[in-house]
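# next come a sequence and a model predicted from it.
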Amino acid sequence: MVDHLEQQFQALESQESVTPDYPDQDHVLIIEDDQRLAELTRDYLEANGFQVTLEADGAKGVDRILTLQPDLVILDLMLPGEDGLAICRRVRPNFAGPIMMLTARTDDLDQVLGLEMGADDYVPKPVQPRVLLARMRALLRRADGPAPDGEMRLRFENLEIDNATREAWLSGERIDLTSAEFDLLWLLGRNAGRVLTREEIFSDLRGIKYDGQDRSIDVRVSRIRPKIGDDPNQPHRIKTVRSKGYLFVKDS
């Protein structure tokens, strides 16, 4: 598997000529115990303008993230010392940057748990280099904030959502949201009164087509509802529209 990936990485490196010495390089921390895969990924990302730090020991993962405060973390699920889920859960209160989880396991429960622990995206192995790069850039664009000419703040009764500061408040109290949760809340709020299909949500937030099986949007909605004062059993703000998607209800 790694031999096949190595061929992909090397082929892309020979095709894509990008100067790595950008003055404002994004710093990526890769926590991955497969040394060969980690080094291949590092070399490919550095060739595309990123500054990359490697860490193989899960036991050091939390300290490395909180000390370095990278722009993005690529975090393997299965690690020696401490697994990726535990690391994600522990750093989230003090790390606001995007976290992308990698795993060779295909169990849907792993994806759900990763998202519940605060991961922003979930990429299965074997990693496709261009897909990885595109998903990273999408996460970093959203983390950088909105375009200057975009709408900045939305108000719905006691709920406020600010796209400039990427913060939300309920009755004046700041809501603790992950980067991915904020992105989804803002998208739904910006389209209040209109049903957004899962296909539209995936296209806007992740730049990929909805495969009909990915549950990440549903998991995030279930986490957002109680945070904005919505009853998970009888939601009045974010409603599920069966077989279609979600409706953010405007003020009555």
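Sure, I can see it. Everything quoted here is computed from the prediction, not taken from an experiment.

# before we move on, what SS does residue 230 have?
Counting by DSSP: H, G, I helix; E, B strand; the rest coil, the backbone at residue 230 sits in coil.

# need the contact list for the residue lying closest to it once chain neighbours are set aside.
Spatial nearest neighbour of residue 230, chain neighbours left out: residue 237 (4.4 Å); criterion: C-beta to C-beta, 6 or more residues apart in numbering. All C-beta atoms are positioned from the backbone trio N, CA, C, and that covers glycine. Going by C-beta atoms under 8 Å, 6 or more residues apart in numbering, residue 237 touches 156, 159, 225, 228, 229, 230, 248, 249.

# hmm, which of those are the buried ones?
159, 225, 228, 230, 248 (16 or more other C-beta atoms under 10 Å).

# just those residues now: which is nearest residue 32?
residue 225 (33.6 Å; C-beta to C-beta).

# per-residue pLDDT, that closest one?
Looking at residue 225, its pLDDT is 95.

# try residue 134
Per-residue pLDDT puts residue 134 at 86.

# mind checking the SS state of it?
Under three-state DSSP, residue 134 falls in the helix class.

# so where do the helices sit in the protein?
For the chain, the helices defined by DSSP state H cover 2-15, 35-47, 61-68, 84-91, 108-116, 129-144, 179-190, 198-206, 216-227.

# turn the ones you listed into JSON lines, including distance to residue 55.
As requested, these are exported to JSON lines (distance: least, C-beta to C-beta, whole Å):
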{"stretch": "helix 2-15", "distance to residue 55": "19"}
{"stretch": "helix 35-47", "distance to residue 55": "9"}
{"stretch": "helix 61-68", "distance to residue 55": "5"}
{"stretch": "helix 84-91", "distance to residue 55": "10"}
{"stretch": "helix 108-116", "distance to residue 55": "18"}
{"stretch": "helix 129-144", "distance to residue 55": "17"}
{"stretch": "helix 179-190", "distance to residue 55": "21"}
{"stretch": "helix 198-206", "distance to residue 55": "26"}
{"stretch": "helix 216-227", "distance to residue 55": "25"}
